[in-house]
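Trainee: take this sequence and fold it.
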Amino acid sequence: MAAPTVPSPFLLRAMRSLIISPTSTRTLLLPTRQAFSRVAPAISTTTAAITAPSATTSGCTRSFTTSPALPATLNQIRRSPRKPKKARRPESPAMRNRPEMKGVCLKVGITKPKKPNSGQRKTAKIRLSSGRIVAAYIPGEGHNGGVPNRVRSRSKYGTKKPKAASAS
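Mentor: Numbers count the residues shown, from 1 in each chain. Prediction:
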């Protein structure tokens, strides 16, 4: 049996320089690149596939994670097809195409918000001039909105009779 030959230090240094820092001299060493273009690499790295922007992930940006958004599998699409997201209405349906409406305050109260928030929100139940009854938020600190008191606006003892002419 023949002993394996040890490469010379000069050859080792030349091979290390080619592997660690490729330079333009590499193209001079391999003038026929067409012969090597058909050869697939023995070890493929998945980091290049993950970090490279693909057509599926380039459209969406994910703000809370750095991992790429994986597309849905064929089975997921077959089981539950993709549904478009419903657009949120930017305006209240009671006030459609009307920036301001007149209304009568029916009830004034304080509402507490749902669980993570706390506070006392001033709200009012209002009958609009269109006839709809809506709940409205009263902005700002303090308010003087009150329920109109019908008893206060009428005479306390009914309609007044004209005084009888005194008989003389």
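Trainee: which positions in stretch 138-151 come out as buried?
Mentor: Residues of stretch 138-151 classed as buried: none (neighbour count, 16 or more other CB atoms under 10 Å). In this view, the C-beta of every residue, glycine as well, is placed from N, C-alpha and C.
Trainee: what helices or strands is whatever helix or strand Cys105 lives in leaning on?
Mentor: Counting by DSSP states H and E, the element that carries Cys105 is strand 103-111. Secondary-structure packing of strand 103-111 (3 or more CB pairs under 8 Å, 6 or more residues apart in numbering; DSSP states H and E): strand 121-128.
Trainee: next secondary structure after the strand it packs on?
Mentor: Once strand 121-128 ends, the next helix or strand along the chain (criterion: DSSP H and E) is strand 133-137.
Trainee: between strand 121-128 and that following strand, find me the angle.
Mentor: Strand 133-137 and strand 121-128 are oriented at 150 degrees to each other (axes from the mean of the first three to the mean of the last three CA atoms, to 10 degrees).
Trainee: one step back: quick one, the strand holding Cys105 and strand 121-128 angle?
Mentor: Interaxial angle, strand 103-111 versus strand 121-128 (the same axes, to 10 degrees): 160 degrees.
Trainee: then the one helix or strand Leu12 maps to to CSV, C-alphas only?
Mentor: Using DSSP H and E, Leu12 maps to helix 9-20. What follows is helix 9-20, C-alpha atoms only, in CSV (Å, rounded to 0.1, in the frame of the first residue of the first chain):
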residue,chain,number,x,y,z
PRO,A,9,2.4,24.1,2.4
PHE,A,10,2.3,26.4,-0.6
LEU,A,11,-0.6,24.4,-2.1
LEU,A,12,-2.5,24.5,1.2
ARG,A,13,-2.0,28.3,1.5
ALA,A,14,-3.3,28.8,-2.1
MET,A,15,-6.4,26.7,-1.5
ARG,A,16,-7.1,28.5,1.8
SER,A,17,-6.9,31.9,0.1
LEU,A,18,-9.3,30.7,-2.6
ILE,A,19,-11.9,29.4,0.0
ILE,A,20,-11.7,32.2,2.5
